[in-house]
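>>> Could you look at this predicted model? Sequence included:
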Amino acid sequence: MKTTTIPPLRVSPELRREAEAVLREGETLSGFMLESLQESIARRRDQQEFIERGLKSAAKARSTGQYVTADDVVKQLAGRLKKARATSTSRTRG
């Protein structure tokens, strides 16, 4: 695979010191920067997909007139959380 470079990044000495201070053993500043960039790209893609799903869902609700109340959503989420905690607890005990 052919590689390319990203433009140099000018930062304050303080920011560089802070970045170097959080490096893990054996980790380079370049490696940290690459990982940070990859994670930021993934997070932005996830955010965009989330927004697109929300807009699609809102359009569907408007066109069908079928909405879910906030109380119903909270109840469903509480049920999922309770189930997840029960599963987690049973794994810990077993």
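Yep, that arrived. Numbering: from 1, shown residues only.
>>> ok, longest helix in this structure?
helix 29-64 (DSSP state H).
>>> list the helices and strands that helix packs on?
Judged by 3 or more C-beta pairs under 8 Å, 6 or more residues apart in numbering; DSSP states H and E, helix 29-64 is in contact with helix 13-21. The C-beta positions use only the backbone N, C-alpha and C, and glycine is treated the same way.
>>> Taking helix 29-64 as reference, get the angle to the helix it packs on.
What separates the directions of helix 13-21 and helix 29-64 is an angle of 90 degrees, with axes from the mean of the first three to the mean of the last three C-alpha atoms, to 10 degrees.
>>> buried set for helix 13-21?
Neighbour counts over helix 13-21 (16 or more other C-beta atoms under 10 Å) mark no residue as buried.
>>> looking just at contacts, which helices and strands does that helix meet?
Contacts defined by 3+ C-beta pairs under 8 Å, 6+ apart place helix 13-21 against helix 29-64.
>>> pLDDT on the helix it packs on, on average?
Mean pLDDT, computed over helix 29-64, is 97.
>>> Restricting to C-alpha, output the helix or strand following it in CSV.
Following helix 29-64 in sequence order, the next helix or strand is helix 70-93 (DSSP states H and E). C-alpha atoms of helix 70-93 as CSV (Å, rounded to 0.1, in the frame of the first residue of the first chain):
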residue,chain,number,x,y,z
ALA,A,70,-40.6,10.0,25.2
ASP,A,71,-42.1,8.0,28.1
ASP,A,72,-42.2,4.8,26.0
VAL,A,73,-38.6,5.3,24.8
VAL,A,74,-37.4,5.8,28.4
LYS,A,75,-39.3,2.6,29.5
GLN,A,76,-37.8,0.6,26.6
LEU,A,77,-34.3,1.9,27.5
ALA,A,78,-34.8,1.1,31.1
GLY,A,79,-35.8,-2.4,30.2
ARG,A,80,-32.7,-2.9,28.1
LEU,A,81,-30.5,-1.5,30.9
LYS,A,82,-32.1,-3.8,33.4
LYS,A,83,-31.6,-6.8,31.1
ALA,A,84,-28.0,-5.9,30.4
ARG,A,85,-27.2,-5.5,34.1
ALA,A,86,-28.8,-8.8,34.9
THR,A,87,-26.7,-10.5,32.1
SER,A,88,-23.6,-8.8,33.3
THR,A,89,-24.2,-9.8,36.9
SER,A,90,-24.9,-13.4,36.0
ARG,A,91,-21.6,-13.6,34.0
THR,A,92,-19.7,-12.2,36.9
ARG,A,93,-21.1,-14.8,39.3
